[in-house]
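Asker: Following is a predicted model, sequence given first.
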4 protein chains.
Amino acid sequence: MSLTPEQRAEIDDLRSQEHTTLRATVAGMEAHLYKAHEVLDHGFIRVIDYMGDDAAICQAARVSYGKGTKSVQNDAGLIRYLMRHWHSTPFEMCEIKLHVKLPVFVARQWIRHRTANVNEYSARYSILDREFYIPAPEHINAQSVVNNQGRGGVLEGEEAARVLEILKADSNRCYDNYEQMISQDGQDGLARELARMNLPANVYTQWYWKVDLHNLFHFLRLRADAHAQYEIRVYADAICSVVADWVPAAYGAFEDYRLGGATLSGKALDCIKRMLKGEEVTQETSGMSVGEWREFEGVLDRS
Amino acid sequence: MSLTPEQRAEIDDLRSQEHTTLRATVAGMEAHLYKAHEVLDHGFIRVIDYMGDDAAICQAARVSYGKGTKSVQNDAGLIRYLMRHWHSTPFEMCEIKLHVKLPVFVARQWIRHRTANVNEYSARYSILDREFYIPAPEHINAQSVVNNQGRGGVLEGEEAARVLEILKADSNRCYDNYEQMISQDGQDGLARELARMNLPANVYTQWYWKVDLHNLFHFLRLRADAHAQYEIRVYADAICSVVADWVPAAYGAFEDYRLGGATLSGKALDCIKRMLKGEEVTQETSGMSVGEWREFEGVLDRS
Amino acid sequence: MSLTPEQRAEIDDLRSQEHTTLRATVAGMEAHLYKAHEVLDHGFIRVIDYMGDDAAICQAARVSYGKGTKSVQNDAGLIRYLMRHWHSTPFEMCEIKLHVKLPVFVARQWIRHRTANVNEYSARYSILDREFYIPAPEHINAQSVVNNQGRGGVLEGEEAARVLEILKADSNRCYDNYEQMISQDGQDGLARELARMNLPANVYTQWYWKVDLHNLFHFLRLRADAHAQYEIRVYADAICSVVADWVPAAYGAFEDYRLGGATLSGKALDCIKRMLKGEEVTQETSGMSVGEWREFEGVLDRS
Amino acid sequence: MSLTPEQRAEIDDLRSQEHTTLRATVAGMEAHLYKAHEVLDHGFIRVIDYMGDDAAICQAARVSYGKGTKSVQNDAGLIRYLMRHWHSTPFEMCEIKLHVKLPVFVARQWIRHRTANVNEYSARYSILDREFYIPAPEHINAQSVVNNQGRGGVLEGEEAARVLEILKADSNRCYDNYEQMISQDGQDGLARELARMNLPANVYTQWYWKVDLHNLFHFLRLRADAHAQYEIRVYADAICSVVADWVPAAYGAFEDYRLGGATLSGKALDCIKRMLKGEEVTQETSGMSVGEWREFEGVLDRS
């Protein structure tokens, strides 16, 4: 795992400093604070700070809807209502700050989520560590033959060994040369901002990432999805388990309506209505394309 | 002042509930939490929650710049450096949530700042209270004769009295009619979403507003400025005094570099260099327009 | 209708100036350019500029997916795929700029959509016209008894007449007093930024609004929905008919997947699967709340 | 240069298709459309589309300020006023879409500008080309000794040769291995989304990037600055020369107020006032830190 003894000592130190506050606190999150949850071979996520809880979502909704929202019996019911009707602003009232260590190729996908705050380790300024993501043997897959953007079966035997060998050897050689180029031992030493370009995309970087709960849910919906690349999905999964401890009612609604739900087109709804009336609907009579029909059958567990 | 006994009791209740937390806390902000700071005749701002402190800004900067930033002796110096060089992301690592009660015409200016989270009281859903902003006599000004977008001297005598009379009478009449239209006493009652259109822009609304420190500083720079409309400036001023207690080092840098500073054009810098060499520069020889020269002289206290 | 002869002449002038360009053009949009589409009693939308077309969406998707996307036979199929899988960035590659004239209470809902560019007429700077939205008799509805945030039946008889009378009289009186306060005839004249606070929320304002197609679809999904307030829905409907002429394939996909589609929760999908197997599912056995079940039956046209 | 014969033919084809439009057009931009401006050894920028011109900025400002803005004699004067006073929304009314080919380490800096629309070539989906940025000998610099985040003098002799040799050899070896891993010749072939992690950060990627003029100016202010890394600055410079042809008045104001201007703190302004009165001000009597004073002297060309 990727924590140095200094980092462990710092975490212990931070966790030993208890303060009093009038702000809302969440016991589940206090238990997570500062601790590193391991992800991949050298990565982690750590909760650095949080704002708000399930009650804060309801508080914001109630400022909007006033006494009217009192008719909803409880917070969990109100939160389900808000999630079902795509209300976004009450969920924006919660905020989380994470410290994440992750490979650069994962960071490049992650940063596409623009509505967040980020401070990344600067390789212009500082020297990167010799830490590279090398997949576990069970995560070295072949290119999918059905999906241009996915993985097929696990590689085996000689081919798998060769891949692992290449990834390790190239990472190490590139890092050796990175070190050699920036070295000021007997030479001037190349600027860091140039030398870093020799490092492959499996090198680890790290950042502080702060995001509100609405945008975090959007991130999790896309990245905890089965179609997301495995290496970012494991980060999303780790964050999901933190969020479940932070805002259990909101996370429960998210699981039901987003992770476990599906958006159906007008055509698909029409097919369902016909099927419920007893009609036998096929792809040919559905009005859907072959691909769309296959996905539709998947949603109904008929494929 | 605009708090009901129920609201006062709720604040007292919230302020009596102390929790322990491992998160960073700021004593100055704990003192502010939930309390209402009065603004205008019925408005207020209240701190509902906050995340981060001066140290959080430095922590984020240091993840970017690594050990290099250790050379800066202290946090205040680092924060001044970040502010001077327009680094925005470390300041985004702090977040504040306010409850604000404000007239609609102020809310309309405020909402133009898009990078923030808002939940506003919904007049589609709920009934607005009979609360209208009526300016104090010393804030009823004439239209400026030099600035299309500003105020001139204070109105006096009969004219001032007439203005106050109109504002009060129209507010009350419009509210009477609003109540009359939505009343279900002996009639169906107009939908709230329609009836609200009868209320003038000095009616009070309220919202929860959550924003990061970088975007808050941008808001304050524009709205605490002497050219901002008085009625929004007083809100910005109240927020400034809260921020000074929250992140004193960052607020100090903001005061020096933004509120107290000025951006000079290449032309203006050129004039200063010539003046420092002893040249007598006039508007005619400055290359600036009349308006720009007047502003330039203002910056140098020469006007 | 709300165009002055000067405005009509300006539109005719703009429409008479034909330029040549190497950019993509859309005949359907050229026909719309600058013309005012009337909305409500004094409002309008006008297309001022546009960027991109259906092909631009595919072009952007193809830069991402490279030759792989060639396997999709045609643009319309690719666009449906992108819409179905919530790909947002290709739709962001199209942009539209509208000139909109609208009542202030509609503008207040509209501006909550933050990812857009806006320049609004400034009542600090300029004098508003005497133009107020007065609903047509068939759009004066009672408060809904089932939905706190909606309208019930149309008001009739004396009550309707009274409402119309109030709206007209209060608008006119407030505007008379607005004019009186800013008048410099025999008095100094109140600053415009203060006087405007006397105007009710049915006064018309106007703005330039520029937005990308992804965010526009998000706006239209919420505002062309049956639950949106009528007075903003008519603007959304007018924009829908423009978008259908601009990007017909994208609009078709939007209609099927967003306007005509529905998002079902995991619970709802489970119920459908049980029902397709012949089980009789009721609210009690569905695991849904009463409200959720009612909405579910609505989606399936069973309510 | 990096265009294939197919790409050249496509550009010629696009440039041969002239359309008529009622939209505003800019002759200078029509001349740029689709053409590739070479940057670095394999990169380019190409204008794909644009919306608006200098007049569109003024048009938007005039909708805000109404007839009042007529007092400004001309568009260039109004644009200078807007720039000087940090008005951002009128500049947001212009939009540009670029096709950019750039090394991944440049893309990683670029993408930090969040308010833009991006579609990047997907290496999950498609195979990257064998194109790597290898600096020209005059751009291989040593690490700066005064600035942790910058370059010192050009490397020379054997050290320079060694660096170039390393960069070329590692790029090629990594690419050879990338090809070998994804090959399906006699093996299953590693998934592309995994194989790409072996490619160093000087590999070229490409994207469509669409941004409004206000946010583009912000990008250019930071990235065309002398402190920006050379490899992104050359892209910013290339874009600057395009923008100068697109919106010459706005670009002129940007050059004077942003690129050529400086923001001075309250302390700095105070020093200038004292100096203009004849006082000899030193770092010790300035109230500034050593670093700040050095920058201040730089602004006044006294260092």
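Answerer: On my side now, so go ahead. Numbers count the residues shown, from 1 in each chain, chains lettered A, B, ... in the order given.

Asker: give me the element the residue nearest the centre of chain A is part of.
Answerer: Centroid-nearest residue in chain A, with CA atoms, centre = their mean: A:Ala236, separated by 2.8 Å. Assigned by DSSP states H and E, A:Ala236 falls within helix A:230-246.

Asker: who's in contact with that helix?
Answerer: With CB atoms under 8 Å, 6 or more residues apart in numbering or on different chains as the test, helix A:230-246 has contacts from A:26, A:28-29, A:31-32, A:37, A:39-40, A:43, A:45, A:47, A:50, A:53, A:94, A:96, A:98, A:100, A:102-103, A:105-106, A:109-110, A:133, A:135, A:139, A:151, A:213, A:216, A:219-220, A:223-225, A:228, A:250-251, A:254. In this view, the C-beta of every residue, glycine as well, is placed from N, C-alpha and C.

Asker: Just the buried subset of those residues, please.
Answerer: The neighbour count (16 or more other CB atoms under 10 Å in any protein chain shown) marks A:26, A:29, A:32, A:37, A:39-40, A:43, A:45, A:47, A:50, A:53, A:94, A:96, A:98, A:100, A:102-103, A:105-106, A:109-110, A:133, A:135, A:139, A:151, A:213, A:216, A:219-220, A:223-224, A:228, A:250-251, A:254 as buried among the contacts of helix A:230-246.

Asker: just to revisit the earlier point, so which of the contacts of helix A:230-246 are in helices?
Answerer: Among the contacts of helix A:230-246, DSSP state H puts A:28-29, A:31-32, A:105-106, A:109-110, A:213, A:216, A:219-220, A:223, A:250-251, A:254 in helices.

Asker: just the residues you listed that are near chain D?
Answerer: A:Phe105 (CB under 8 Å from any CB of the partner chain).

Asker: Is any residue of the strand or helix carrying A:Leu82 near chain C?
Answerer: Element membership for A:Leu82 (DSSP H and E) is helix A:75-84. Yes: legend: contact between helix A:75-84 and chain C by CB under 8 Å from any CB is shown at A:77, A:80-81, A:84.

Asker: I'd like to know which elements that helix is packed against.
Answerer: The helices and strands touching helix A:75-84, judged by 3 or more CB pairs under 8 Å, 6 or more residues apart in numbering or on different chains; DSSP states H and E, are helix A:54-65, helix A:248-254, helix C:290-299.

Asker: Could you figure out how far it is turned away from helix A:54-65?
Answerer: Relative orientation of helix A:75-84 and helix A:54-65, computed by axes from the mean of the first three to the mean of the last three CA atoms, to 10 degrees: 70 degrees.

Asker: mean confidence for helix A:75-84?
Answerer: In this model, helix A:75-84 carries a mean pLDDT of 93.

Asker: just the angle between that helix and helix A:213-223, please?
Answerer: 60 degrees.

Asker: now what about helix A:75-84, what contacts it?
Answerer: Residues outside helix A:75-84 that contact it (CB under 8 Å, 6+ apart) are A:54-55, A:57-58, A:61, A:69, A:72, A:87, A:90-91, A:249-250, A:252-254, A:256-258, C:265, C:289, C:291-292, C:295.

Asker: Distance check, A:Ser88 against chain D.
Answerer: Counting by CB to the nearest CB, to the nearest Å, the gap from A:Ser88 to chain D is 18 Å.

Asker: can you confirm that residue is in a helix?
Answerer: No: judged by DSSP: H, G, I helix; E, B strand; the rest coil, A:Ser88 forms no part of a helix; its state is coil.

Asker: ok now do it, which residues does it touch?
Answerer: A:Ser88 sits next to A:His214 when contact means CB under 8 Å, 6+ apart.

Asker: correct me, but A:Leu259 touches A:Leu222?
Answerer: No: between A:Leu259 and A:Leu222 there is no contact under CB atoms under 8 Å: 10.8 Å.

Asker: ok, back up a step: which among the helices and strands packed on helix A:75-84 is found nearest to B:Ala169?
Answerer: In terms of CB to CB, the element of the helices and strands packed on helix A:75-84 nearest to B:Ala169 is helix A:54-65, at 30.3 Å.

Asker: which of the residues in the closest one are buried?
Answerer: Buried residues in helix A:54-65 (16+ other CB under 10 Å): A:54, A:56-65.

Asker: Can you name every helix or strand that that helix contacts?
Answerer: helix A:75-84, helix A:248-254, strand B:117-120, strand B:204-212.

Asker: any bit of the shortest one sitting next to chain A?
Answerer: Read that as strand B:117-120. Yes: contact between strand B:117-120 and chain A, assessed by CB under 8 Å from any CB, occurs at B:117-120.

Asker: List, out of those residues, those positioned next to chain C.
Answerer: Answer for the residues of strand B:117-120 next to chain A near chain C (CB under 8 Å from any CB): B:Val118.

Asker: Would you check which pair of the residues of strand B:117-120 next to chain A lies furthest apart?
Answerer: Between all members of the residues of strand B:117-120 next to chain A, the farthest pair (by CB to CB) comes out as B:Asn117 and B:Glu120, at 11.1 Å.
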